[in-house]
Structure formats: C-alpha cells, structure tokens
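Visitor: What follows is a predicted structure for the sequence shown.
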Amino acid sequence: MAKIGIFFGSTTEMTAIAGESIKNEFENYDHEIDLFDVGMVGLSPISNYKNIIIGCPTWNVGDLQDDWDMLYNDFKKIDFTNIVGAFFGAGDQMGYSYNYLDAVGILARAFTAGGGELIGTWPIDGYEFEESLAVEKNKFLGLALDYENQDSESEIRIKKWVHQINNEFK
C-alpha cells in the first residue's frame, strides 16, 4: 500500500473535482491518499510523500493556473529524486487547440528535470488538438481531461488512468 499525495490547483473547480474523483478511485486500491489544494497549503507537504499526483488546468493561452503560476519557481527548485509522480490536467482542446494541456507539460518537465520518475502517460487517441507541450513520443505526459467538450469521458478516463498507475507507485 502506497501513501500518495494529490496536489492540485483549480480556478473553476474542474481540477478540484477531478482530484476528488482520482482520490475516490484510488481508495478502491488500498492506498492512503491525501488531497491538497496548493492555493491553500503551498508546496511544503510534497516533501512528506514518495508518491505524488499533480493536477493543473491550462489557463488562458497555455499558462499555468494562478496558484501553480505563483508557486512555479519554488516547484522547479524541489529535489524530486526518489519521488514517483503522475500528472493530470483539464483544458479545452477545441477552444485552445494550439496549447491544449500545456500546463501538464510545463509541470511534468520541471518534475523530471528535478530528478522525479514520471508515470501515467496517456494516449492522445480520442482527442482533437493541434499542439501541446504535454505531448512527448505521441503520448500526453499525464491524464488529459476536457470537461468542456468531452465531459462524459472524464470519469471513464479517470478510472482507466488510476487502474493504469495503481501498481506503479512504490
């Protein structure tokens, strides 16, 4: 059983809802899960976990959500060596086709640059977008959610993603 910290930032509450759904789904797998809004607690609790999940919506035109934007310089300074991390994000693939889920790419790359082990890549099949900083080797660097255009897919994707990453946490 792994102890997992979920850290999210949310402006419109969609990423908060996704974080809660991910937490609830993980409870089916005997993991100890803690959920944190980084706008309320900051980044300091991350040091208490060897397994983390980071959630951030892409905001405006390819930007980090406000809470993550304010914490980003500190996030880049964290030593993620020996930490396993997975990422998820929400975005609008139709309205922002040229930067869909960029925030996930920004944070995931900072995580791996800091020594973290990335898990939870997700297929790009079933999405319609032009470009994304979250895509590497034809996969998203984390779970891609679009509550605006594919709301009915979100819970199904969360279930599949949690099942996928369940055994990858130490």
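Guide: Done, it's in. Numbering: from 1, shown residues only.
Visitor: Look up which helix or strand residue 19 falls in, please.
Guide: Element membership of residue 19, judged by DSSP states H and E, is helix 14-26.
Visitor: Quick one: list the elements packing against that helix.
Guide: strand 3-8, strand 32-37, strand 51-55, strand 84-90, helix 151-166 (3 or more C-beta pairs under 8 Å, 6 or more residues apart in numbering; DSSP states H and E). Every C-beta, even on glycine, is put in place using the N, C-alpha and C of the backbone.
Visitor: Can you tell me which of the ones you listed is nearest to residue 99?
Guide: Closest to residue 99 of these is strand 84-90 (C-beta to C-beta; 11.5 Å).
Visitor: would you turn the helices and strands packed on helix 14-26 into JSON lines with mean neighbour count?
Guide: Shown next, in JSON lines, are these (neighbours: other C-beta atoms under 10 Å):
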{"stretch": "strand 3-8", "mean neighbour count": "23"}
{"stretch": "strand 32-37", "mean neighbour count": "17"}
{"stretch": "strand 51-55", "mean neighbour count": "26"}
{"stretch": "strand 84-90", "mean neighbour count": "28"}
{"stretch": "helix 151-166", "mean neighbour count": "16"}
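Visitor: Next SSE downstream of the lowest-mean-pLDDT helix or strand in the chain?
Guide: Here the helix or strand of the chain ranked lowest by mean pLDDT, DSSP states H and E is strand 58-59, holding a mean of 90. The element immediately downstream of strand 58-59 (helix or strand, assigned by DSSP H and E) is strand 63-64.
Visitor: neighbouring contacts of that next one?
Guide: 9, 56, 58, 69, 72, 102-103, 106-107 (C-beta atoms under 8 Å, 6 or more residues apart in numbering).
Visitor: Leaving out sequence neighbours, find the closest residue to residue 39.
Guide: residue 67 (3.7 Å; C-beta to C-beta, 6 or more residues apart in numbering).
Visitor: With residue 88 instead?
Guide: The shortest distance from residue 88 to any non-neighbouring residue, by C-beta to C-beta, 6+ apart, is to residue 143 (3.9 Å).
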